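Q: A predicted structure for the sequence below; I have some questions about it.
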Amino acid sequence: MVRLGAASADRAWLIVESASPMSPEDPPATYVVSTWDGQAWRSERVDLGVQSASGERLAAQGAWVLLGDRAMRWSGTAWQTAPLHSYSDKVAGTTEEPWVIAAPYPDDEDEAARIQLSRWTDRGWQAVPLPGGMALPPGTEAIHPDEPSTDVAGVARTGPEEFWVAGTFSWGEHESVDEEDITVSRSLVMRNVAGQWSCWWGPTDDSDQPDSFVDAVPDGRGGLWAASELGMLWHLSDGRWTREQAPVDKGVPVIKDLAGSPGGEIYALGGIDSERWAENTRPALWRLEP
């Protein structure tokens, strides 16, 4: 498992997990951090201080690393830990203003397990409620209008009182052809300005099929870069989506992760395939132009 973080314009992090345990009784996973200093990669094995159990996911952004119910920050000399409300899946934002994202568990009776989004306040993690009562896309009808769900994938701060949330909105429909109930999804981004929410539906691919967002970072001009589950790179500007192409000499770029540095630089982690669904992918790292 590989995760990417960016500490500055010329310093990026790659965190690799190896020997992941299959049960809590197994030895904890080992981690290798590779740092790009502008000229070369330097790798070292580190102890993150967590007894990783089966099912916990490693995540990274900036100088933060997320593992299970702990978030950890590299201070320059050591890893410092900050407990979370519950087990979370992803860390977004920047080193100074990180956000953590958890998978939704709406049926869990534990209130902490239903917290999907939290932000760091220098004193601890503060839960951020998501908007309710979302309207479905035009021409759709849910079989259970009160049970749609939003799955958060990324957070991007674009101003002192403004941030965006990227994710997937899902609801149930009745399929008349096969006479069965199905789950339908659509990617979306939600903008919060001084506590007020607004929503934009995400793009669809050429076959008009949904392509869920997996990450998003600000573009430095009030818009967003977003990576999709199919490995595509999208740009939102002035309310309009355009598909962008990461530069390659030969092959198809597939973007899996995005990271923004405090200086405004944006990195994209992924690979280059001979075609989009090829099995042999050559790893690649891009720095996107602002």
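A: Looks like it came in fine. Numbers count the residues shown, from 1 in each chain.
Q: pretty sure Q245 contacts V254?
A: No. Here Q245 does not reach V254: they are 11.4 Å apart, not a contact under CB atoms under 8 Å. Heads up, the C-betas are built off the backbone N, CA and C, glycines and all.
Q: Neighbour count for these two, which is higher?
A: Applying other CB atoms under 10 Å to Q245 and V254 shows that V254 carries more neighbours, namely 23 against 9.
Q: so who does the closest residue in space to the more buried one that isn't next to it in sequence touch?
A: Sequence neighbours aside, G231 is the residue nearest to V254 in space, at 3.3 Å (criterion: CB to CB, 6 or more residues apart in numbering). Applying CB atoms under 8 Å, 6 or more residues apart in numbering to G231 gives the contacts P253, V254, I255, K256, G270, R276.
Q: quick check, the first one in a strand?
A: Looking back up the chat, that one is P253. Yes. Counting by DSSP: H, G, I helix; E, B strand; the rest coil, P253 is found in a strand.
Q: Quick one: residues contacting the nearest residue to it once chain neighbours are set aside.
A: Closest residue to P253 apart from its sequence neighbours, by CB to CB, 6+ apart: A246 at 3.9 Å. A246 makes contact with L233, P253, I255, A268, G270, A284, W286, L288, according to CB under 8 Å, 6+ apart.
Q: now with 10 Å?
A: Taking CB atoms under 10 Å, 6 or more residues apart in numbering, we find A246 in contact with 231-233, 252-255, 268, 270, 272, 284-286, 288.
Q: Kindly reformat these as JSON lines containing pLDDT and secondary structure.
A: Output for those, formatted as JSON lines (pLDDT from 0 to 100; DSSP: H, G, I helix; E, B strand; the rest coil):
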{"residue": "G231", "pLDDT": "84", "secondary structure": "coil"}
{"residue": "M232", "pLDDT": "86", "secondary structure": "coil"}
{"residue": "L233", "pLDDT": "88", "secondary structure": "strand"}
{"residue": "V252", "pLDDT": "84", "secondary structure": "strand"}
{"residue": "P253", "pLDDT": "86", "secondary structure": "strand"}
{"residue": "V254", "pLDDT": "86", "secondary structure": "strand"}
{"residue": "I255", "pLDDT": "87", "secondary structure": "strand"}
{"residue": "A268", "pLDDT": "88", "secondary structure": "strand"}
{"residue": "G270", "pLDDT": "86", "secondary structure": "strand"}
{"residue": "I272", "pLDDT": "88", "secondary structure": "strand"}
{"residue": "A284", "pLDDT": "87", "secondary structure": "strand"}
{"residue": "L285", "pLDDT": "86", "secondary structure": "strand"}
{"residue": "W286", "pLDDT": "87", "secondary structure": "strand"}
{"residue": "L288", "pLDDT": "76", "secondary structure": "strand"}
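Q: Same list, those residues, but as CSV with distance to I143 please.
A: Converted to CSV, the contacts of A246 look like this (distance: CB to CB, whole Å):
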residue, distance to I143
G231, 32
M232, 30
L233, 34
V252, 38
P253, 39
V254, 35
I255, 34
A268, 38
G270, 37
I272, 42
A284, 43
L285, 44
W286, 42
L288, 41
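Q: just to revisit the earlier point, and of the contacts of G231, the nearest to P83?
A: Taking CB to CB as the measure, P83 lies nearest K256 of the contacts of G231, at 28.3 Å.
Q: any idea how far that closest one is from T281?
A: Applying CB to CB, to the nearest Å, the value for K256 to T281 is 10 Å.
Q: Return every residue with contacts to both of those two.
A: With CB under 10 Å, 6+ apart as the test, K256 and T281 both reach G231, G270, G271.
Q: so, if you compare the residues you listed, which one comes nearest to A63?
A: Nearest to A63 among those is G270, at 21.7 Å by CB to CB.
Q: before we move on, the earlier item: tell me, what's touching Q245 and V254 both at once?
A: By the contact definition CB under 10 Å, 6+ apart, Q245 and V254 are jointly contacted by M232, L233.
Q: For R73, name its beta-bridge partners.
A: Per DSSP bridges, the residues bridged to R73 are W64, Q80.
Q: Would you check how far apart G154 and D122 are?
A: Distance, G154 to D122, using CB to CB: 22 Å.
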